[in-house]
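# task: produce atomic coordinates for the following.
(one chain, ligands or ions: 3)
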Amino acid sequence: MSFEINAVRFVLDGRIVEAKGKRRTTTVLDYLREELHRTGTKEGCAEGDCGACVVLVGELNAAGTAVDYKPVNSCMQLLPTLDGKSVKTVESLKKPDGSLHPIQAEMVACHGSQCGFCTPGIVMALTGMVQVNACPSRQDVNDALSGNLCRCTGYKPIIDATLKACTRPAAELKLQDSADLPQLKQIATPKQPSVNLEGELITEPTVRTKKGSEFVTPATVDALASYLMQHPSATMLAGSTEIGLKVNKQFIRPQHIVYVGDVAELRTSAETASTWTFGASVPLEEIMQRVKATLPDFAEVLRRFGSPPIRSTATLAGNIANGSPIGDSMPCLMALGAVLHLRKGSAKRKVALDAFYTGMKANVLTPGEFITAIEVPKLKASEAFRAHKISKRFDQDISATCAAMRYRLDGDTFKDVRIAFNGMAPSPCTAPKLEAAIQGRTRTELENGVINAKLDAAIAASFPARDGLRATWAYRSLVARNLIAGFVEDALQETATA
Ligand SMILES: Cc1cc2nc3c(=O)[nH]c(=O)nc-3n(C[C@H](O)[C@H](O)[C@H](O)COP(=O)(O)OP(=O)(O)OC[C@H]3O[C@@H](n4cnc5c(N)ncnc54)[C@H](O)[C@@H]3O)c2cc1C
Ligand code: FES
Ligand code: FES
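Ligands and ions are numbered 1, 2, ... in the order given. Take a look at the predicted model:
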């Protein structure tokens, strides 16, 4: 039963919806289907893999002049995160004169649908793409579809339909949001928290139950820090791509949920000549765009991280705090020398990411402490960075292992080598013995397969030889060695041809 006292307010096609009396863990998908009868949005897997549930969630842009939409897996998102936002489902696309959106029309014309179960999710993923990229390449369309499974049609007609739709004027592809703008402004949540007579911050819950469970949405990092001091065991919710899974598959119902996605300071990224500082709630999609010119291998690991709807909400902080042994961002961040900015109440400290983990899914965070930002050093002029993820499927799959290496070549001698992996130990980690196998060595010392023996010995001395669900130890250790040997070989070839 639910006894919530507050309403979650969001905009759906020009009208404000007030969702009252719903559990704080109700998913957006369930609400859309069961309460609003928007049954075009389907449930396939309820774990972010199939894309049948994709809808677009929009927020007012900074100038307040338009709505920025992103594709999300509605099965993973909790209803209270919609507060103050706008939603578009497949039913939203039909124009007042009954005509279809160009993506829909071309899906019909190109026979891009058979049983149709996947089609609404595919249409919404593609409609999301064309909001920001009206002239996609075939590869862009493939990427946009990497989180959508179709078991009937095959992807060719779907891709053809999209490319054909994109020959139409960009304005025809844009979602009409003029009716949503005034409504979004009306329900905008206050950007400053209120203060009681004693000057203490009050974080008003979006949802509170009679039993005292609540879902709060602080607007500032001070309000978040203060709330976590009062409720140190509260569950922090960022992109919900891990927590949503626990809600759907393990049926967890945290008593206190504190959503960090609306904390303005945590959503900003800053850049200097030597570092990026990514706020804890900056989605991976944005980080991928920011690093792709200078760290293409890191951007490629992020491009293969889940799918666009996963990356549009998932965060680096969530990946790091979750601490999966096969988390993909951590090897890259460790090799680059990333530092975490932590906060507890008003106290702040910094911890190097390679000193963050204390064991399997265990870390140095103390109760009430959280990540505010991830500081990532940029490469110095003479440095290089390589990374590669190995998984059974190329797209939308988790790692068997992912390796990253930063180094500097002084002539043909390797200097300042830093190597990190996932999938090799109980947590992602650096590999000092592998670094030592390469550090200070020259071309002649590393050529002709000599490096393989050195790396094999270093791997055997560094990691527990354990088979895992994703791969056997024999496979993982061979792949890990080959990845690093490949990075070294590429570097030496580049210097030979320079
Ligand atoms: C379909 C699918 C595909 C995926 N693919 C990949 C993949 O390719 N590679 C990969 O590594 N992972 C993958 N994941 C896992 C997941 O997407 C990532 O771990 C993601 O980065 C989690 O971020 P989030 O913001 O969604 O975290 P959430 O689910 O919101 O939270 C995860 C954990 O982090 C904590 N947390 C969040 N923010 C903070 C903070 N600021 N300070 C302290 N703690 C915090 C939360 O309390 C929670 O314990 C996938 C998941 C799904 C469902
Ligand atoms: S239902 Fe499969 S991704 Fe949401
Ligand atoms: S049309 Fe049947 S699953 Fe795609």
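# distance of the nearest residue to Thr153 once chain neighbours are set aside relative to Ser137?
In space, Thr153 comes closest to Gln114 once its chain neighbours are excluded; the distance is 5.0 Å by C-beta to C-beta, 6 or more residues apart in numbering. Placement of C-beta: from N, CA and C, glycine included. Gln114 sits 26 Å away from Ser137, going by C-beta to C-beta, to the nearest Å.
# more neighbours: which of the two?
Gln114 (14 against 11; other C-beta atoms under 10 Å).
# outline the domain layout of this protein.
Here the domain parsing of the chain from automatic domain parsing is 102-173, 386-497.
# with mean pLDDT and distance to ligand 2 added, can I get the ones you listed in a markdown table?
As requested, the domains of the chain are exported to a markdown table (pLDDT from 0 to 100; distance: least, C-beta to the nearest ligand atom, whole Å):
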| stretch | mean pLDDT | distance to ligand 2 |
| --- | --- | --- |
| domain 102-173 | 96 | 7 |
| domain 386-497 | 92 | 10 |
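# and stretch 24-39, end to end?
One end of stretch 24-39 sits 21 Å from the other (C-alpha to C-alpha, to the nearest Å).
# actually stretch 377-391, not the one I typed
One end of stretch 377-391 sits 27 Å from the other (C-alpha to C-alpha).
# give the contact list for Glu383.
406-408, 416 (C-beta atoms under 8 Å, 6 or more residues apart in numbering).
# confirm for me that the residue nearest to Thr153 is in contact with Arg151.
No: the pair Gln114 and Arg151 does not pass the contact test of C-beta atoms under 8 Å, sitting 9.0 Å apart.
# thinking again about what came up before, confirm that the residue nearest to Thr153 sits in a helix.
No: secondary structure of Gln114 (DSSP: H, G, I helix; E, B strand; the rest coil): coil, not part of a helix.
# and it, its phi and psi?
The phi and psi values for Gln114, taken as degrees, to the nearest 10, are phi -120, psi -80.
# check Asp490 too.
The phi and psi values for Asp490, taken as degrees, to the nearest 10, are phi -60, psi -40.
# gap between it and ligand 1?
Distance from Asp490 to ligand 1, counting by C-beta to the nearest ligand atom, to the nearest Å: 24 Å.
# the closest residue to that residue other than its chain neighbours in helix, strand or coil?
Nearest residue to Asp490, sequence neighbours excluded (C-beta to C-beta, 6+ apart): Arg386, at 7.1 Å. Classification of Arg386 by three-state DSSP places it in strand.
# and the stretch 51-200 of the chain, which of its residues are near ligand 3?
Neighbours of ligand 3 within the stretch 51-200 of the chain, by C-beta under 6 Å from any ligand atom: 113-119, 150-153.
# ok, the residues you listed vs Val72, which is closest?
Using C-beta to C-beta, Cys118 comes nearest to Val72 of those, at 16.5 Å.
# spit out the contact partners of the closest one.
By C-beta under 8 Å, 6+ apart, the residues touching Cys118 are 42, 44, 50-52, 148-152.
# dihedrals phi and psi, it?
Here is the backbone geometry of Cys118 (degrees, to the nearest 10): phi -80, psi -20.
# separation between it and Ser92?
From Cys118 across to Ser92, the span is 18 Å (C-beta to C-beta).
# secondary structure class for Pro71?
Secondary structure assignment for Pro71 (three-state DSSP): strand.
# state the pLDDT value of it.
Looking at Pro71, its pLDDT reads 98.
# Val247 too?
pLDDT, Val247: 96.
# tell me which helix or strand it sits in.
Val247 belongs to helix 243-249 when assigned by DSSP states H and E.
# contacts only, for Arg443.
Residues near Arg443 by C-beta under 8 Å, 6+ apart: 412, 492, 495.
# do the same with Leu266
221, 224, 260, 279-282, 372-373.
# quick check: Pro254 vs Leu237, distance?
Using C-beta to C-beta, we find Pro254 at a distance of 9 Å from Leu237.
# can you check Cys110 too?
Per C-beta to C-beta, Cys110 is found 39 Å from Leu237.
# before we move on, what about Lys164?
Note on Lys164: its distance to Leu237, by C-beta to C-beta, is 40 Å.
# mind listing what Ser427 touches?
323, 325, 357, 359-362.
# looking at Pro254 and Leu237, which is more packed in?
Neighbour count, other C-beta under 10 Å: between Pro254 and Leu237, Leu237 has more, with 25 against 19.
# ok, the residue nearest to Asp490 touching Val417?
No: counting by C-beta under 8 Å, no contact exists between Arg386 and Val417, whose distance comes to 11.2 Å.
# what is in contact with these two at once?
Met405.
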